[in-house]
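*Asks:* Here you go, sequence then predicted model.
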Amino acid sequence: MRVLEEYKELYYKEIEYTERLNSKINTCVTFLTIIGSGNIFVWSKLGNAASGIYLWIYLILCIISSYLFIICSILFCKSYSGYEIHYYPIKEMALASKETYDLVTNGQIDKEQAENHVINMMAERYLNDAIYNRAQNRLKNKRHRCLIQWMAINFLILLVDYAVSIVFDYVQ
């Protein structure tokens, strides 16, 4: 019975971690919105850039920041989609338990064997689901960390882009 409780606890910790990872979507959407708005803003300042080398420098910075925004959008989609989380199948396990206890009623096995079988079946299911969910959580965490790094890079490039636009406005 102790093994069942340990596996059950491990399973629920993985489900809890899945929920924590999923709750970070609001923050990522907010930052992507800020970065996207910043990209629109710096592109709107393109008309203010003087011709010649200043225009080309600013245009290259705008293209880089837009390219990074596209990469962040793709990474966002990958970070929050394509995962399958295994949840404990209550109905199926109840049916399997009932079938096992029906064997007790029919006299094919004794009650202790049935209880051990049900406990082992439940423990195995909790363990397998916890292992699978942990693998999914690791993948999601890795992708989320990559997304955050790319968003930070994009934000810094966007700040440089904005600073250059201010300098160009000042020079003119």
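*Replies:* Done, it's in.

*Asks:* Show me the shaky parts of the protein.
*Replies:* Along the chain, segments meeting pLDDT under 70 span 1, 48-50, 171-172.

*Asks:* Run through who's touching stretch 28-47.
*Replies:* 55, 58-59, 61-62, 65-66, 69, 72-73, 76, 79-80, 144, 147-148, 151, 154-155, 158, 161-162, 165, 169 (CB atoms under 8 Å, 6 or more residues apart in numbering). Where you see a C-beta, it was placed from the backbone N, CA and C, and this is true even at glycine.

*Asks:* Could you tell me how far it lies from the centre of the chain?
*Replies:* Using CA atoms, centre = their mean, to the nearest Å, the mean C-alpha position of stretch 28-47 is found 23 Å from that of the whole chain.

*Asks:* Can you dump the C-alpha atoms of it in PDB for me?
*Replies:* Provided in PDB are the C-alpha atoms of stretch 28-47 (Å, rounded to 0.1, in the frame of the first residue of the first chain):
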ATOM      1  CA  CYS A  28       4.400  34.800 -22.600                       C
ATOM      2  CA  VAL A  29       1.300  36.300 -24.400                       C
ATOM      3  CA  THR A  30       1.900  39.600 -22.700                       C
ATOM      4  CA  PHE A  31       5.600  39.800 -23.700                       C
ATOM      5  CA  LEU A  32       4.800  38.700 -27.200                       C
ATOM      6  CA  THR A  33       2.200  41.400 -27.400                       C
ATOM      7  CA  ILE A  34       4.700  44.000 -26.100                       C
ATOM      8  CA  ILE A  35       7.400  42.900 -28.600                       C
ATOM      9  CA  GLY A  36       4.900  42.800 -31.500                       C
ATOM     10  CA  SER A  37       3.700  46.300 -30.600                       C
ATOM     11  CA  GLY A  38       7.300  47.500 -30.400                       C
ATOM     12  CA  ASN A  39       8.000  46.100 -33.800                       C
ATOM     13  CA  ILE A  40       5.100  48.000 -35.200                       C
ATOM     14  CA  PHE A  41       6.300  51.100 -33.500                       C
ATOM     15  CA  VAL A  42       9.900  50.900 -34.900                       C
ATOM     16  CA  TRP A  43       8.600  50.100 -38.400                       C
ATOM     17  CA  SER A  44       6.400  53.200 -38.200                       C
ATOM     18  CA  LYS A  45       9.500  55.300 -37.400                       C
ATOM     19  CA  LEU A  46      11.200  54.100 -40.600                       C
ATOM     20  CA  GLY A  47       9.900  57.000 -42.500                       C
END
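
*Asks:* Good, wrapping up.
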